[in-house]
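# whatever this is, show me its structure:
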Amino acid sequence: MTNHFERELLQVARAFVAKVTNLACRAASEQLESAFSGQRAHRASHVAARGTRSPGGRPLGRSAPKRTASDLQRLGTIFTAFVAAHPGLRIEQINERLGLTTQDLALPIRKLLAEGKIDAKGKKRATRYFVAEAKRATSPS
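Here you go, the predicted structure:
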């Protein structure tokens, strides 16, 4: 009778261990799947935010949201008014006084130069900005 009892006990123990092992494997599998699907979703959103890559491997996407036309126009107006009041300053000096960065002003300045509203003299960091001659001649003093 003891043999029969031991065999039955061993059979119940093996079934218990198998069931616990099965549950542990399923829980681990679900956690791994959850972690990897979260990583894939994160990676997919990260890749989508970066955009595609150039042949050199550099991301083409923007890290910041695109500025609106009214934002760019407002910065252009501020820049033009400041340059009219303080002609001949370099971008570092303008940034310091306006509390902006070169990156903030680069696009508005390019647009103002293309429209002929401002002039630039010099190259690179030595570039100084002035209100365009035609603009000064037509604006009331």
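
# A84: how many residues sit nearby?
Using other CB atoms under 10 Å, the number of residues around A84 comes to 14. In short, each C-beta sits where N, CA and C put it, glycine included.

# that one: which element?
helix 69-85 (DSSP states H and E).

# and the next helix or strand past that helix?
Assignment by DSSP H and E places the next element after helix 69-85 at strand 89-90.

# direction included, what does that next one pair up with?
Using DSSP bridges, the strands paired with strand 89-90 are strand 128-131 (antiparallel).

# how far out from the middle of the chain is the partner strand?
Offset of strand 128-131 from its chain centre (CA atoms, centre = their mean, to the nearest Å): 31 Å.

# if we can go back for a sec, mind giving me the packing neighbours of the helix holding A84?
helix 91-98, helix 102-115, strand 118-121, strand 128-131 (3 or more CB pairs under 8 Å, 6 or more residues apart in numbering; DSSP states H and E).

# for those, which one sits closest to T77?
Smallest distance to T77 across the helices and strands packed on helix 69-85 (CB to CB): 8.8 Å, for helix 102-115.

# got the domain ranges for this structure?
The chain breaks down into these domains under automatic domain parsing: 1-63, 69-138.

# taking helix 102-115 as reference, get the angle to the helix holding A84.
Angle, helix 69-85 to helix 102-115, by axes from the mean of the first three to the mean of the last three CA atoms, to 10 degrees: 80 degrees.

# OK, contacts around R7?
By CB atoms under 8 Å, 6 or more residues apart in numbering, no residues touch R7.

# hang on, the earlier thing: would you turn the domains of the chain into TSV with mean pLDDT?
Output for the domains of the chain, formatted as TSV (pLDDT from 0 to 100):
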stretch	mean pLDDT
domain 1-63	69
domain 69-138	90
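
# that older thread, so which of the helices and strands packed on helix 69-85 is nearest A28?
Of the helices and strands packed on helix 69-85, the one closest to A28 (CB to CB) turns out to be helix 102-115, at 47.2 Å.

# show me what that closest one is packed against.
Using 3+ CB pairs under 8 Å, 6+ apart: helix 102-115 touches helix 69-85, helix 91-98, strand 118-121.
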